[in-house]
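# I'll drop the sequence and a predicted model, then ask my questions.
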Amino acid sequence: MNIIKQFFYKSFPGVYKLLSGNAIYSYKFKNLPIDSYLHPVHKISNSQWVLIGEGVTIEKDVWINIIKEKDKHGNLKIGKGVKIGQRCTLSCANSIDIDDNALIGLNVYIADHEHSYQNVRKSIMHQGIVGSKEIYIKKNAWIGNNVIILGQKKIIIGKNSVIGANSVVKSSIPDFCVAVGNPAKVIKRYNFSKKKWLKVKK
């Protein structure tokens, strides 16, 4: 939080909420701290199952889609200091957990499920979803622009790891790695003894 924001936050919390938009939108969530920002232009369904940490920024045109089927629903947790770029989609039928200070680039699509398509006598939009596994993005991870993360199985993006732009992630990526491609594969790891990023040998 910069100095001006901090001044208004501490001295005039009501004014801060009004200027940030949170006075209008904070009632929707399990929790939306006063120092988190949600752009007024957005689309959200079932926001009562969304938990937002302190210092979060959610930019314009983000779509948060929490799916409810019968007595089951998704749960989305966004940790402290997370930044979510414009036009991102978070679609959750089970569990998506974005840990503290993760950075989500522009146009990122994260879904813990996929559409079923097996029945050719029925439209895909009416066949429901499959998968519904957990997605966990650890602390300080960086998800580049246009990345797709799809979870028909449990996916963990490692601490301080980087997913390169335009990559498609369908399996877990370890801590302190750089992964790119479709499907995303590790190309670099951080070597703590040498204190630098090293290419992974093929």
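Received it, and whenever you're ready, just let me know what you need.
# quick one: the helices in this protein?
Per DSSP state H, the chain carries helices over the ranges 3-11, 13-20, 22-25.
# What's the local residue count around residue 191?
By other CB atoms under 10 Å, the residues close to residue 191 number 11. Any C-beta I mention is one placed from the backbone N, CA and C, and that applies to glycine too.
# so who does it touch?
197, 198 (CB atoms under 8 Å, 6 or more residues apart in numbering).
# for the protein, longest strand please?
strand 185-191 (DSSP state E).
# Partner strands of that strand, with direction?
strand 177-180 (antiparallel), strand 196-199 (antiparallel) (DSSP bridges).
# quick one: contacts of the first one?
Under the contact criterion CB under 8 Å, 6+ apart, strand 177-180 has outside partners 158, 161-164, 167, 169, 173, 185-190, 197.
# Stretch 192-202 now?
Contacts of stretch 192-202 (CB under 8 Å, 6+ apart): 178, 186, 187, 188, 189, 190, 191.
# is it true that the second one touches residue 172?
So that's residue 186. No. The criterion here is CB atoms under 8 Å, and residue 186 misses it with residue 172 at 10.4 Å.
# Can you list the low-confidence ranges for this protein?
Within the chain, the ranges that satisfy pLDDT under 70 run 1-28.
# Centre of it to the edge, which residue is at the far end?
Most distant from the centre of the chain: residue 121, at 34.2 Å, with distances by CA atoms, centre = their mean.
# Show the contacting residues for it.
Counting by CB under 8 Å, 6+ apart, residue 121 has no contacts.
# For it, give its distance to residue 130.
17 Å (CB to CB, to the nearest Å).
# go on, residue 166?
The value you get for residue 166 to residue 130, if CB to CB is used, is 25 Å.
# out of the contacts of stretch 192-202, who has the most neighbours?
That'd be residue 178 among the contacts of stretch 192-202, by other CB under 10 Å, with 20 neighbours.
# Need the strands paired with strand 185-191 in JSON lines (columns: distance to residue 151).
Listed next are these as JSON lines, based on distance: least, CB to CB, whole Å:
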{"stretch": "strand 177-180", "distance to residue 151": "16"}
{"stretch": "strand 196-199", "distance to residue 151": "27"}
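# so of these, which one's packed in deepest?
Highest mean neighbour count of these: strand 177-180, a mean of 21 (counted as mean count of other CB atoms under 10 Å).
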